[in-house]
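Visitor: Give me coordinates for this.
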Amino acid sequence: MKLARFEYHGRADIGVVHDGGVIGLREIGFGYPDMIALIEAGDEVLDSIRERAAGEPAHHALDDVRLLAPLHPRKYLAIGMNYAKHVAEMGHAERPKFQYWFNKQTTCINGPFDPIDPGVTEMLDYEVELGVVIGRAAKGVRAAEALDHVFGYLVANDVSARDWQRHSPTFTMGKSFDSHGPIGPWIVTADEIPDPQKLDLRCLVNGEVRQQSNTAGMSFTVAEQVKYLSTAFTLEPGDLLATGTPEGVGAAMDPPAFLKAGDVVRCEIERIGAIENRVA
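Guide: Prediction:
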C-alpha cells in the first residue's frame, strides 16, 4: 500500500495512492492528524484501511493534488560511506570500520516536488537514497528481527552543502539546510518490499543519469543499520533513516559538477517511485 500526504484545495490529508488517484482517509472514516499517528495506530488499522480502500474509487486524480512530504520524522538519521564505490570516489581507501551516522535536522524536510533552496552554500550536491520509516519501537533488536520494526520505504534525496559539510566532523551542518531533505513521493508499506536489498536506484540531473546502482551494494544492510542504531538508543515510530548513496555524486566528478539554480534533480527507486526537485 502506498500512503501519501496530500493537499487538495488547501486542506491536507493522508491518502492511499492507487491507479493514478488518491483515496482520502478522512473520506473513508480514518482521520489521523499526521502520518506518525497513523503509524502508531498499528497493523490492525492498516489492515482495515487496506480492506476499505480496496473497493473505493479514487477521490482525486494525482494530478489534481499537491503531494506533501509523507511525514515529519521524530529523528532523521543518515549513514555515510555505505556503498563501496562511493567510498572510493570520495578518496577513501576502505569503508569505515563502524557505521558512520549523522543527523539531518528535521527542519530540512521538504516535499517530493518542492524547490530546493541552496541557501549560502556554493557546493550544492545530490544523493539518492532509500529511506526507511520505523514502525515499531526498536531497542536492542537482532538483525534477524530488525525488518519487523520497519513501517515502510520512501525515496530520499540527501541534499548536501559540501562546503558546510566540512565545517564539522559530524556532517550535520552541511546536511541540514532548510529544504535539503526532499522525501516521498509516498511511503510504500513494508509488506510490498520484503527485501529492501534488491532495489534499483538512480539520480538524474536535467535528464542526465548521474547515479545508478542497486541497494544490494550497501556495505551495511537495512537490517544491520536498525540493529546497530538500536543498540545505542531507541528508534521510535516515525523515525527516518537514509541508508546511504551510491557513486556518482557531483563532488566526485572531474571537474566537480555542483547543482546550480534551475537544475532539476530526479531521484528514483524501483517499486517505490520518484521525487523531483528544482533548485531555486
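Visitor: check contacts around the residue nearest to Arg142 when sequence neighbours are not counted.
Guide: In this structure, Arg142 finds its nearest non-sequential neighbour in Lys227, 6.4 Å apart by Cβ to Cβ, 6 or more residues apart in numbering. Every C-beta, even on glycine, is put in place using the N, C-alpha and C of the backbone. Residues counted as contacts of Lys227 (Cβ atoms under 8 Å, 6 or more residues apart in numbering) are 141-143, 146.
Visitor: again, 10 Å this time
Guide: 99, 138, 140-146, 149, 220-221 (Cβ atoms under 10 Å, 6 or more residues apart in numbering).
Visitor: count of neighbours near the nearest residue to Ala161 once chain neighbours are set aside?
Guide: Spatial nearest neighbour of Ala161, chain neighbours left out: Thr121 (3.5 Å); criterion: Cβ to Cβ, 6+ apart. Neighbours of Thr121 under the rule other Cβ atoms under 10 Å: 20.
Visitor: got it, and Ile36?
Guide: With other Cβ under 10 Å as criterion, Ile36 counts 19.
Visitor: so who does the closest residue to it other than its chain neighbours touch?
Guide: Ranked by Cβ to Cβ, 6+ apart and with sequence neighbours excluded, the top spatial neighbour of Ile36 is Gly238, at 3.7 Å. By Cβ under 10 Å, 6+ apart, the contact list for Gly238 reads 34-40, 71-75, 133-135, 151.
Visitor: try Met1
Guide: Contacts of Met1 (Cβ under 10 Å, 6+ apart): 16-18, 46-47, 49-50, 53-54, 152, 186-192.
Visitor: Swap in 7 Å and give it another go.
Guide: 16, 50, 189, 192 (Cβ atoms under 7 Å, 6 or more residues apart in numbering).
Visitor: Of the residues you listed - the most surrounded one?
Guide: Ranking these using other Cβ under 10 Å puts Val16 first, with 24 neighbours.
Visitor: Could you give the separation of stretch 123-131 from the chain centroid?
Guide: 10 Å (Cα atoms, centre = their mean, to the nearest Å).
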